[in-house]
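Enquirer: how would this look folded up:
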Amino acid sequence: MELLDRIEINPRVYNGRPVIKGTRIPVSVLLEQLAERKSWQTVLSGYPELQEQDFQAALHYAGMSLDHLRVRKRRSEEHTSELQSP
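Expert: Next up, the predicted model:
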């Protein structure tokens with residue numbers, strides 16, 4: 001199983017936001033808890049249905065999402081600068 005196979009986006013689950021597959025645990029909640037400097041083990045104790053690979057999948061998904069946003073932003077900035085050029 002690849003890491004991204006652990007992430008599910010289903011319009012019927014959490015309004016289509018990414019969750020850990022088979023749960024209603026949003027990727028964003030895991031990221032927020034990690035950002036609050038909670039250890040993986042602390043968070044895992046609160047979500048016994050999760051495995052360490054679920055955290056890795058959440059981080060991997062977030063990284064890929066940010067890369068996509070950066071690409072879109074760069075293209076938008078290039079287009080804006082083209083429009084502003086004399």
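Enquirer: middle-most residue in the protein, spatially?
Expert: With distances taken as C-alpha atoms, centre = their mean, Ala62 lies nearest the centre of the chain, 3.3 Å away.
Enquirer: Please report the distance of the nearest residue to that one once chain neighbours are set aside from Phe55.
Expert: Spatially, and ignoring its direct neighbours in sequence, Ala62 is nearest to Leu31 (5.8 Å; C-beta to C-beta, 6 or more residues apart in numbering). For glycine as for every other residue, the C-beta is placed from the backbone atoms N, C-alpha and C. Going from Leu31 to Phe55 by C-beta to C-beta, to the nearest Å gives 9 Å.
Enquirer: In terms of packing, which of the two has more residues around it?
Expert: Phe55 (22 against 15; other C-beta atoms under 10 Å).
Enquirer: check which helix or strand covers the more buried one.
Expert: Taking DSSP states H and E as the criterion, Phe55 maps to helix 52-84.
Enquirer: and that helix, average pLDDT?
Expert: The average pLDDT within helix 52-84 is 70.
Enquirer: before we move on, what about stretch 34-44?
Expert: Mean per-residue pLDDT for stretch 34-44: 91.
Enquirer: Compute the distance from the centre of that stretch to the centre of its chain.
Expert: 16 Å (C-alpha atoms, centre = their mean, to the nearest Å).
Enquirer: ditto for stretch 41-49
Expert: Chain-centre distance of stretch 41-49: 18 Å, with C-alpha atoms, centre = their mean.
Enquirer: Please write out the alpha-carbon positions of that stretch in CSV.
Expert: Extracted C-alpha coordinates of stretch 41-49, given in CSV (Å, rounded to 0.1, in the frame of the first residue of the first chain):
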residue,chain,number,x,y,z
GLN,A,41,2.8,8.7,20.0
THR,A,42,0.7,11.2,22.0
VAL,A,43,-1.6,11.7,19.0
LEU,A,44,-1.8,8.0,18.3
SER,A,45,-2.9,7.4,21.9
GLY,A,46,-5.9,9.7,21.2
TYR,A,47,-6.7,7.9,17.9
PRO,A,48,-6.0,4.2,18.5
GLU,A,49,-7.3,3.3,15.0
